[in-house]
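coords please:
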Amino acid sequence: MTTNLASYRFFIVCGLTVTTWKVAQLSFGGFYPAEWQFLFMDILAPVVFTWTMTVGCCYAAPSLAPSRPSSSLFGSEMILSILVPHAFFCIAYAIVWTTLERQSWFVGYSEEFLAHIYDHATPLAGSAIMLTGDNYIAASVFLIVCVHLTTVALAFSRGGKYRRPVYHSWQMVLTTILVLGFVGLLCYTGPNSFTCLFRVNCSNEVARTNYVPVATEFSTTTVPGRSGNCFFGPQGGAWLDDGFGMEYPNCFPAAGANLDSIEGSVGPNNIFPQSWRYFLTGVGCTLGLCTILFTNFGLDGLATSLEKSLVMNV
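Take a look at the predicted model:
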């Protein structure tokens with residue numbers, strides 16, 4: 001029962017996280033997560049984490065606990081275990097976004113360039129919205145989302161009074177290491193084929209010829225019959241203002257166009273400065289630590305206090 005309820009909690013948190021992630025970007029920035037960011041978080045992550053939380057994980061403790069686990073879907077423990085970690089995520093989301101906009105190197109989308117992306121990024125109807133994620137905010141928040149769902153799955157798989165310790169599950173330990181390693185590669189490497197697939201630390205120079213076996217064949221943002229597409233980083237808005245609109249295969253102005261280059265041959269990009277990589281690491285670690293500490297040491301006491309106060313007020 002405890003494992004089933006943990007999986008239920010994870011699905012609710014996953015739904016809240018992914019919805020908040022997408023709606024906030026569309027509402028406040030006018031852009032959407034990149035294609036493989038969306039596929040990873042909306043399809044792959046829930047399946048993989050649910051598997052690790054139920055298969056080979058969280059067997060019963062060797063001795064009986066003094067009380068039964070709660071089976072309520074709407075009890076104080078269930079509600080707090082969902083809302084408090086989600087509140088931690090929302091705070092981290094807001095900190096990353098607002099701090100990023102104050103950086104001297106930050107460039108955001110103009111309304112004109114966003115409209116150009118929607119109209120010219122790809123000939124496939126409806127898929128251009130996925131290329132509006134070629135910016136610093138979408139890339140940064142994606143990494144935080146990955147860390148959040150990983151630590152939530154880990155925290156909800158804790159042993160507690162009813163199950164053996166989570167570190168006994170090699171499936172959960174291995175999945176946690178692999179996902180956090182995946183986040184680290186995206187954060188600290190690039191631009192390369194791997195980072196450009198997820199549109200994190202990517203550049204126009206690499207993206208326009210980027211090819212990843214299997215993934216490229218199924219991509220809706222790759223120009224049909226080609227191996228890549230332009231990277232519509234926010235710096236491209238300066239070119240649009242001067243009369244050049246990026247559209248594959250013309251990802252760079254023609255020679256002799258008398259337009260300023262953008263970081264040499266790199267072109268529009270969302271490559272993180274080293275200081276920002278460290279900042280994201282700090283935010284991700286703090287978010288994960290807060291989630292794990294609350295779930296392991298604060299949840300039971302807070303839920304009990306809340307239930308007692310509700311009983312006294314009835």
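
which ones are touching residue 238?
When contacts are counted by C-beta atoms under 8 Å, 6 or more residues apart in numbering, residue 238 touches 260, 262. From N, CA and C alone the C-beta is placed, and that goes for glycine too.

Go through the host helix or strand of it and flag the buried ones.
Assigned by DSSP states H and E, residue 238 belongs to helix 236-241. Buried residues in helix 236-241, counted by 16 or more other C-beta atoms under 10 Å: 236-240.

With stretch 4-17 instead?
Buried residues in stretch 4-17, counted by 16+ other C-beta under 10 Å: 5-7, 9-10, 12-14, 16-17.

biggest separation within those, which pair?
Spanning the widest gap among the buried residues of stretch 4-17 are 5 and 17, at 18.4 Å by C-beta to C-beta.

all strands of the stretch 201-314 of the chain, in order?
Counting by DSSP state E, counting those that start in this stretch, the stretch 201-314 of the chain has no strands to list.

the helices in it, which residues?
204-207, 215-218, 236-241, 274-293, 299-313 (DSSP state H, counting those that start in this stretch).

Quick one: closest of those to residue 265.
Residue 265 lies closest to helix 204-207 among the helices of the stretch 201-314 of the chain, at 5.5 Å (C-beta to C-beta).

Can you tell me which helices and strands that closest one packs against?
Packing contacts for helix 204-207, counted by 3 or more C-beta pairs under 8 Å, 6 or more residues apart in numbering; DSSP states H and E, involve helix 193-197.

Now find how far off-centre the helix it packs on is within its chain.
How far helix 193-197 lies from its chain's middle: 15 Å, per C-alpha atoms, centre = their mean, to the nearest Å.

Then stretch 2-13?
That offset, for stretch 2-13, works out to 20 Å (C-alpha atoms, centre = their mean).

Stretch 155-175 too?
Distance, centroid of stretch 155-175 to centroid of chain: 23 Å (C-alpha atoms, centre = their mean).

Next, the distance between the ends of that stretch.
End-to-end distance for stretch 155-175: 13 Å, by C-alpha to C-alpha, to the nearest Å.

And stretch 252-262, by the same measure?
10 Å.

Report the buried residues of that stretch.
252-253, 262.

Ok, stretch 213-231 next?
Buried residues in stretch 213-231, counted by 16+ other C-beta under 10 Å: 215-216, 219, 221-223, 228-231.

and which of the residues you listed is nearest to residue 35?
Closest to residue 35, out of all of the buried residues of stretch 213-231 and judged by C-beta to C-beta, is residue 221, at 5.1 Å.

Tell me the spacing between that closest one and residue 74.
41 Å (C-beta to C-beta, to the nearest Å).

what does residue 55 give?
Distance from residue 55 to residue 74, by C-beta to C-beta: 27 Å.

Distance from the chain centre to stretch 88-107, please.
14 Å.

related to what we said a few turns ago, more neighbours: residue 55 and residue 74, which one.
residue 55 (11 against 6; other C-beta atoms under 10 Å).

Pull the most distant pair out of the buried residues of stretch 213-231.
Largest pairwise distance in those, by C-beta to C-beta, is 17.6 Å, between 215 and 230.

what's the average pLDDT for the helix holding residue 238?
Per-residue pLDDT over helix 236-241 has a mean of 94.

quick one on the thing from earlier: from the buried residues of stretch 213-231, which single one is nearest residue 131?
Checking those against residue 131 with C-beta to C-beta, the nearest one is residue 221 at 5.5 Å.

my read: the closest one touches residue 32, true?
No: Residue 221 lies out of contact with residue 32 (C-beta atoms under 8 Å); the separation is 11.2 Å.

which residues touch the helix or strand containing residue 45?
Assigned by DSSP H and E, residue 45 belongs to helix 45-54. The set of residues external to helix 45-54 that reach it, using C-beta under 8 Å, 6+ apart, is 3, 6-7, 10-11, 14, 146, 149-150, 153, 156-157, 169, 171-172, 175, 179.

Now with 7 Å, please.
With C-beta atoms under 7 Å, 6 or more residues apart in numbering as the test, helix 45-54 has contacts from 3, 6-7, 10-11, 14, 149, 153, 156-157, 171-172, 175.

Kindly report the same for stretch 221-231.
35, 122-123, 127, 130-131, 134, 202-204, 207-211, 216, 246, 248, 251, 267-269.

how long is that stretch end to end?
11 Å.

Need the nearest residue in space to residue 22, chain neighbours excluded.
residue 33 (6.2 Å; C-beta to C-beta, 6 or more residues apart in numbering).

Residue 154 touches residue 175, doesn't it?
No: checked against C-beta atoms under 7 Å, the pair residue 154 and residue 175 is beyond contact range at 8.9 Å.
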